[in-house]
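Colleague: Predicted structure and sequence below. I'll ask about it afterward.
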Amino acid sequence: MAEENKQAFFIDDDLVERLMRGDTAAAAPASANKKKRMAESAALGAAVVLATAGRLEEAIQELDQAAAKGESPAEVQSGLGHLHFEQQRWTEAAECYRKAAEAEPRHRTAHYNLGLCLERQERYEEAMRAFGSAVAADPARWQAHLGRGLCLLHLDKFDAAIESLDRALKESSNQDRALFGKAVALHKQGKLSEAGDLYRKLLPGNATSAELLVNLIALSAARKEDSKTREFSERLLKIRPQSRQALEGLTASALSRGDYSSAVQHSTQLMKVAPDSYEGWFNLGVAYQKTGRLEQAGNAYREATRLRPDSPEANANLGAVLQERGDLAGARSAYESALASMPDLPGALWNLALVADREERHEQAEAFLEKLVRSKPDWEDAAFRLGYLQLNRGEYAGAVDSFEICLKKRKDWMEALLNLALASWKFGDMDAATATYERVLALKPSHTDALRGLAAIALERQDHKRALDLHQALAASGGRSVEVSFNTGLLLESAGEHEKAADCFRSAVELKPDFSPALLSLGNTLKALGKEEEAREVWSRAVESDPALAGKYFQ
């Protein structure tokens, strides 16, 4: 999934009540003295009769009147707390239990029930303290340890939560909820192996527990156990056919194993259940994109960006889809939105540079690539493309730097070496260019581009002997061309080897019959060899190819 499900950890809001509902003050075993006091109190007796008859409001009125008279404050307030609790009036119930605890600080149930009420209101810090007071009053009360542990879990105090939950496990054989809470704490701490062991221990006796299956899905996904993620998601879907977590797990598993058709199916179903899920729309976009359904992918990514306009990932993926569909303006806008949220997002910078290049906005393309290379110098393709644009623009020093970046990791990257040599040469550093061309020849001794570059540098340096050797090496390596043959002929001619020079000029003419410089040079060489008639014939052909040579003939 694009992002970890924030609701992966379930602490059932009704957990404590389900486990301990029979342990409120009204149902708690009363001491003989308390029973006696209750019997002596007509108000308390009347309230019990009314409550058992379901007449809770009348029972509350009866106890309110008793409270106003100051009768048995701990028992009256505890009874009132119970009646309000029954009607889910957590604030009123909490106030009553607080008064009961003040009247009798060592009251067995007031602190504990106060914790329940505060926990219902998500006032976890206060609830944790109330459960702590209950533990102090009765250290063996495992429910109080459990309640305290769950509140600490909500407060992200995981070590303390585990300590309280372990105490609950020690005090009671009713272990499932404490084990589950401990597993959640370990899970949130990132101790996935230990959490998984506890979840699996709970599973046989809680095979239909949605909360447990949801957490197993989250844990398996975090551990990239795709088969387990799929298994638990399918089990949850049988219990809750519209479960968001199950559909998210199935989507994640399908995407991970490359089953994009199934991912489309599960994501589509998820969107019916949770149309406001950013992750769902994003993953649906990925699945459509992977199956080549670009229009649908674009629509899904647009929904994701509607839910999260500043999402760099959704905007970048939308840009990629639009770019592939040829909508360069739309792609550019999407990439710019991605960069507005994450200025150094590599994929967006790279693709935006490609879009700018296609739109012939080469300077902007360079700017994007420069930013990308600064933030990710190990992105060799970006450095190569930047160097290429700089080389074409005549920014030779920058091109040298860019191609050197390319070669930091890939030292034998042939194209980068050749371009580095050319950039160095154009920059005027012929020593560096020569050394780089020689690196190419060390990797591939007969590389024609390297031989040709070295030969040209030798000519520029007027090192005719080396130039001749290189041109001959070019010809021997199969690099025969008009240029090589012509230049070799010139070098041989200057060395006084007229016969060999004539052969080279003939080779150039064979490759390009109307190449007048070769025809003219061949004629001059033939004349030097005393073959004047043949020379005149060749000069005539040269003049036919280039009539402007006729004027030079008479000069």
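Modeller: Yes, it's here. Residues are numbered from 1 along each chain as shown.

Colleague: so Asp344 touches Val373, yeah?
Modeller: No: proximity of Asp344 to Val373 does not meet the contact threshold set by CB atoms under 8 Å, at 11.2 Å. C-beta coordinates here come from the backbone N, C-alpha and C atoms, glycine included.

Colleague: Which of these two has more residues huddled nearby?
Modeller: Comparing Asp344 with Val373 by other CB atoms under 10 Å, the one with more neighbours is Val373, at 23 against 13.

Colleague: host element of the more buried one?
Modeller: Using DSSP states H and E, the secondary-structure element containing Val373 is helix 362-375.

Colleague: Quick one: name whatever helix or strand follows that helix.
Modeller: Next along the chain after helix 362-375, with elements defined by DSSP H and E, is helix 380-393.

Colleague: Output the contacting helices and strands for that next one.
Modeller: Packed against helix 380-393, as judged by 3 or more CB pairs under 8 Å, 6 or more residues apart in numbering; DSSP states H and E, are the following elements: helix 346-358, helix 362-375, helix 396-406, helix 414-427.

Colleague: switch to 6 Å and redo it
Modeller: Counting by 3 or more CB pairs under 6 Å, 6 or more residues apart in numbering; DSSP states H and E, the packing neighbours recorded for helix 380-393 are helix 362-375, helix 396-406.

Colleague: okay, those, which one's buried deepest?
Modeller: Each of the helices and strands packed on helix 380-393 was given a mean neighbour count from mean count of other CB atoms under 10 Å, and the largest, a mean of 22, is that of helix 396-406.

Colleague: can you tell me the average pLDDT over that helix?
Modeller: Mean pLDDT, computed over helix 396-406, is 96.

Colleague: now swap in stretch 335-344 and tell me
Modeller: If you average the pLDDT over stretch 335-344, you get 96.

Colleague: Now do that stretch: everything it contacts.
Modeller: The contact list for stretch 335-344, computed with CB atoms under 6 Å, 6 or more residues apart in numbering, reads Asp310, Pro312, Asn315, Ala316, Gly319, Leu345, Ala348, Asn351, Leu352, Ser375.

Colleague: coming back round to it: could you say what helices and strands the helix holding Val373 packs with?
Modeller: Packed on helix 362-375, when contacts are counted by 3+ CB pairs under 6 Å, 6+ apart, are helix 346-358, helix 380-393.

Colleague: hmm, back to that, redo the helices and strands packed on helix 380-393 as JSON lines? Include distance to Arg123.
Modeller: Written out in JSON lines, the entries for those read as follows (distance: least, CB to CB, whole Å):
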{"stretch": "helix 362-375", "distance to Arg123": "46"}
{"stretch": "helix 396-406", "distance to Arg123": "57"}
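
Colleague: For Pro445, which of those helices is the nearest?
Modeller: helix 396-406 (21.9 Å; CB to CB).

Colleague: can I have that closest one written out in CSV, keeping just the CAs?
Modeller: Only the C-alpha atoms of helix 396-406 are listed here, as CSV (Å, rounded to 0.1, in the frame of the first residue of the first chain):
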residue,chain,number,x,y,z
TYR,A,396,32.4,22.5,-22.6
ALA,A,397,33.7,23.0,-19.0
GLY,A,398,30.3,22.1,-17.6
ALA,A,399,30.1,19.1,-19.9
VAL,A,400,33.4,17.9,-18.7
ASP,A,401,32.2,18.1,-15.1
SER,A,402,29.0,16.3,-15.9
PHE,A,403,30.6,13.4,-17.8
GLU,A,404,33.2,13.0,-15.0
ILE,A,405,30.2,12.5,-12.6
CYS,A,406,29.0,9.8,-14.8
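
Colleague: Report the inter-axis angle for that helix versus helix 414-427.
Modeller: Per axes from the mean of the first three to the mean of the last three CA atoms, to 10 degrees, the angle that helix 396-406 makes with helix 414-427 is 160 degrees.

Colleague: re the thing from before, turn the helices and strands packed on helix 362-375 into a markdown table, columns for mean neighbour count and distance to Glu211.
Modeller: Below are the helices and strands packed on helix 362-375 laid out as a markdown table (neighbours: other CB atoms under 10 Å; distance: least, CB to CB, whole Å):
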| stretch | mean neighbour count | distance to Glu211 |
| --- | --- | --- |
| helix 346-358 | 21 | 38 |
| helix 380-393 | 21 | 47 |
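
Colleague: And those helices: which comes nearest Ala331?
Modeller: Once CB to CB is applied to these, the stretch that comes out nearest is helix 346-358, at 5.6 Å.

Colleague: elements contacting the closest one?
Modeller: Based on contacts counted as 3+ CB pairs under 6 Å, 6+ apart, the elements that helix 346-358 packs against are helix 328-341, helix 362-375.

Colleague: The ones you listed: which one's closest to Arg55?
Modeller: Distances from Arg55 to each of the helices and strands packed on helix 346-358 were compared using CB to CB; the shortest belongs to helix 328-341, at 60.0 Å.

Colleague: Give the buried residues for the closest one.
Modeller: Buried residues in helix 328-341, counting neighbours by 16 or more other CB atoms under 10 Å, are found at Leu328, Gly330, Ala331, Arg332, Ala334, Tyr335, Ser337, Ala338, Leu339, Ser341.

Colleague: Mind exporting the C-alpha coordinates of stretch 115-127 to PDB?
Modeller: The C-alpha atoms that make up stretch 115-127 are tabulated as PDB, following Å, rounded to 0.1, in the frame of the first residue of the first chain:
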ATOM      1  CA  GLY A 115     -11.000   4.900  35.100                       C
ATOM      2  CA  LEU A 116     -13.600   3.200  32.900                       C
ATOM      3  CA  CYS A 117     -15.600   6.400  32.500                       C
ATOM      4  CA  LEU A 118     -12.500   8.500  31.700                       C
ATOM      5  CA  GLU A 119     -11.300   5.900  29.200                       C
ATOM      6  CA  ARG A 120     -14.700   6.100  27.400                       C
ATOM      7  CA  GLN A 121     -14.100   9.800  27.000                       C
ATOM      8  CA  GLU A 122     -10.600   9.200  25.600                       C
ATOM      9  CA  ARG A 123      -9.100  11.000  28.600                       C
ATOM     10  CA  TYR A 124      -6.400   8.400  28.800                       C
ATOM     11  CA  GLU A 125      -4.000  10.300  31.000                       C
ATOM     12  CA  GLU A 126      -6.600  10.800  33.700                       C
ATOM     13  CA  ALA A 127      -7.900   7.200  33.200                       C
END
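
Colleague: Report the mean confidence score over it.
Modeller: For stretch 115-127, mean pLDDT rounds to 95.

Colleague: now what about that stretch, what contacts it?
Modeller: Around stretch 115-127, the neighbours that count as contacts under CB under 6 Å, 6+ apart are Val16, Trp90, Ala93, Ala94, Ala130, Phe131, Gly147, Cys151, His154, Leu155.

Colleague: tally of neighbours for Asp156?
Modeller: Burial of Asp156 is recorded as 11 neighbouring residues (other CB under 10 Å).

Colleague: What of Asp159?
Modeller: Going by other CB under 10 Å, the residues that sit close to Asp159 add up to 9.

Colleague: how about it, what does it touch?
Modeller: With contacts defined as CB under 6 Å, 6+ apart, Asp159 has no neighbours.

Colleague: what's the spacing between it and Leu153?
Modeller: The span separating Asp159 from Leu153 equals 11 Å under the rule CB to CB, to the nearest Å.
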